[in-house]
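# Okay, structure incoming, though there's no sequence with it:
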Ligand code: SF4
C-alpha cells in the first residue's frame, strides 16, 4: 500500500524534549524528531539504551511536557489540549510499560488494577458489567477470571506483562505505546507476548509505537522501523527495506551485530564495529551526533546536523552521505 492510501493517526512534527540537569546544563533527550504513524500499523523505534526512544514515547503521550514542536492525533494538537480534551486523548492513547514488576501496584488485586482506568473514564459503571468486562479482558490476554482476585506478586513476569496489557486495553484504546514490553522477560516468554500483541492488533485494529532495543523482535512485529541515535531519528523505512537494505552507517553497524540462527552464516558474518567515543547529549551543539564513531565523518558532519530526508520511496535518512 502506498503512503497516499494510508490514514495518518499520529503526526509528530519537530518534537523536542529537553531536561535541565542541575550544574550540568541541558540534556537534549529528543531533539527535533518528526514522523507519522498510520492507522493500524506498528512503527518500531530502536536504538541503544539512552538514545531517547522511551522519552520520545512518553512525550508523544504527554507524560512528559513537550519542549518544542507538535504532536497531532487525528489532526488535533494534543500538546495544547484543555482538561476535557485531555481525557479524550488519554482514553484513546495508552501505554504498556517496560517493567511488569514495577508498573503494577503490589497492594491492588489484578481486578482493581484493570478497573482503575474504567473508573477514571466512567466506563462500565454497573458493577456486574464491569466485573464481566474484567473477566473478558483477562481471557483476551490469555489469563482467566480466577486471576482477578489475586495480587501481582503471585504471577510470573510474562503473566504480569499480560496484566499490564489488559490494563491498557481496559479503556478501549486505539493507539498504544509499547515501551520495551518484552525486555524484562525471559527469552522463552518474549515471543509469546509479542504474538499476543500481534493478535490483539489484528482483532482490535490497534496502532502501536513499539519501542525496543532488540532489533530481531522489532523486525517481527513492525511495519516500519525508525532508528534513533542520541535524540535523533537517523533512518526510517519499512521493516523489510530497513533490514534488507540498511543505509545509515549506524543502522548498518547495529544490524550487523544481530545473531543469525544459522551456525555457518553466523561464523562467517562480518560485524561492523561501533568504535570511537560516544558523545554526550548534554549541551551538544550542531553536527551529526554519530560523527565521533563514523568512519565517513567529514568537517561538514561535525558542524552541520543532517536532516531526515526521503532518499527513496518511504526510506528516510539523516546523513550527509545522502544529501
Ligand atoms: Fe557519518 Fe557524516 Fe553520515 Fe553522520 S552525517 S553518519 S558522520 S557520514
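That came in fine, so what should we check first? Bear in mind that the values here come from a model prediction, so they are computed numbers and not experimental data.
# if you skip the residues just before and after it, what's nearest to residue 156?
residue 189 (7.7 Å; C-beta to C-beta, 6 or more residues apart in numbering). C-beta coordinates here come from the backbone N, C-alpha and C atoms, glycine included.
# who's in contact with that neighbour?
156-158, 182 (C-beta atoms under 8 Å, 6 or more residues apart in numbering).
# Give the buried residues for stretch 161-173.
Neighbour-count burial for stretch 161-173 flags 161-171, 173 (criterion: 16 or more other C-beta atoms under 10 Å).
# Read off the pLDDT value for the residue nearest to residue 156.
Residue 189 carries a pLDDT value of 90.
# How about residue 280?
According to the prediction, residue 280 has pLDDT 85.
# still on that earlier bit, greatest separation within the buried residues of stretch 161-173: which pair is it?
By the measure C-beta to C-beta, 161 and 171 form the most distant pair in the buried residues of stretch 161-173, at 18.1 Å.
# any idea which residue sits dead centre in the protein?
Closest to where the C-alpha atoms of the chain average out (C-alpha atoms, centre = their mean) is residue 211, at 2.7 Å.
# List the strands paired with the helix or strand hosting it, with their directions.
Assessed by DSSP states H and E, residue 211 sits inside strand 207-212. Here strand 207-212 is paired, per DSSP bridges, with strand 42-46 (parallel), strand 175-179 (parallel).
# what about the residue of the stretch 51-200 of the chain at minimum distance from the ligand, distance to residue 31?
Closest contact between the stretch 51-200 of the chain and the ligand, by C-beta to the nearest ligand atom, is at residue 51 (14.3 Å). Per C-beta to C-beta, to the nearest Å, residue 51 is found 11 Å from residue 31.
# on that earlier part again, can you list contacts of the strand holding residue 211?
The contact list for strand 207-212, computed with C-beta under 8 Å, 6+ apart, reads 9-10, 37-46, 53-54, 56-57, 60, 174-183, 197, 201, 218, 221-222.
# Would you map the helices across the stretch 151-300 of the chain?
In the stretch 151-300 of the chain, the helices defined using DSSP state H, counting those that start in this stretch lie at 157-169, 187-204, 215-221, 239-244, 249-256, 263-268, 299-303.
# near the ligand, which residues of the stretch 201-323 of the chain?
Listed as neighbours of the ligand in the stretch 201-323 of the chain under the rule C-beta under 6 Å from any ligand atom: 249, 288, 290-291, 294, 296-297, 301, 306, 319-321.
# What about those residues, which one has the most neighbours?
Ranked by neighbour count (other C-beta atoms under 10 Å), these have residue 288 at the top, with 28 neighbours.
# what's near enough to touch the residue nearest to that one when sequence neighbours are not counted?
Using C-beta to C-beta, 6+ apart and skipping the chain neighbours, the partner closest in space to residue 288 is residue 301 (4.5 Å). Residues near residue 301 by C-beta under 8 Å, 6+ apart: 287-288, 291, 294, 320.
# And those residues, which is closest to residue 122?
The nearest one, if we look at those relative to residue 122 and count by C-beta to C-beta, is residue 288, at 48.9 Å.
# on that earlier part again, looking at the helices of the stretch 151-300 of the chain, which one has the lowest mean pLDDT?
Comparing mean pLDDT across these, the weakest is helix 263-268, with a mean of 75.
# ok, and what's touching that helix?
With C-beta under 8 Å, 6+ apart as the test, helix 263-268 has contacts from 259-260.
# Tell me the buried residues in the helix-or-strand element of the chain with minimal mean pLDDT?
Ranking every helix and strand in the chain by mean pLDDT, DSSP states H and E puts helix 263-268 at the bottom, with a mean of 75. Judged by neighbour count (16+ other C-beta under 10 Å), helix 263-268 contains no buried residues.
# do the same with stretch 209-222
Neighbour counts over stretch 209-222 (16+ other C-beta under 10 Å) mark 209-215, 217-222 as buried.
# Also stretch 300-307?
Within stretch 300-307, the residues scored as buried using 16+ other C-beta under 10 Å are 301, 305-306.
# And for stretch 278-295?
Along stretch 278-295, these residues count as buried under the neighbour rule (16+ other C-beta under 10 Å): 279, 281, 284, 287-291, 293-294.
# Stretch 76-84 too?
78-79, 81.
# contacts for that stretch?
Residues from elsewhere that reach stretch 76-84 (C-beta under 8 Å, 6+ apart): 62, 65-66, 69-72, 85, 88-89.
# when you check the ligand, which of those residues turn up near it?
Among the contacts of stretch 76-84, no residue is within reach of the ligand (C-beta under 6 Å from any ligand atom).
# Same list as before, those that is, but in a markdown table and with pLDDT and secondary structure included.
Listed next are these as a markdown table, based on pLDDT from 0 to 100; DSSP: H, G, I helix; E, B strand; the rest coil:
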| residue | pLDDT | secondary structure |
| --- | --- | --- |
| 62 | 94 | coil |
| 65 | 95 | coil |
| 66 | 96 | coil |
| 69 | 97 | strand |
| 70 | 97 | strand |
| 71 | 97 | strand |
| 72 | 97 | strand |
| 85 | 83 | helix |
| 88 | 92 | helix |
| 89 | 95 | helix |
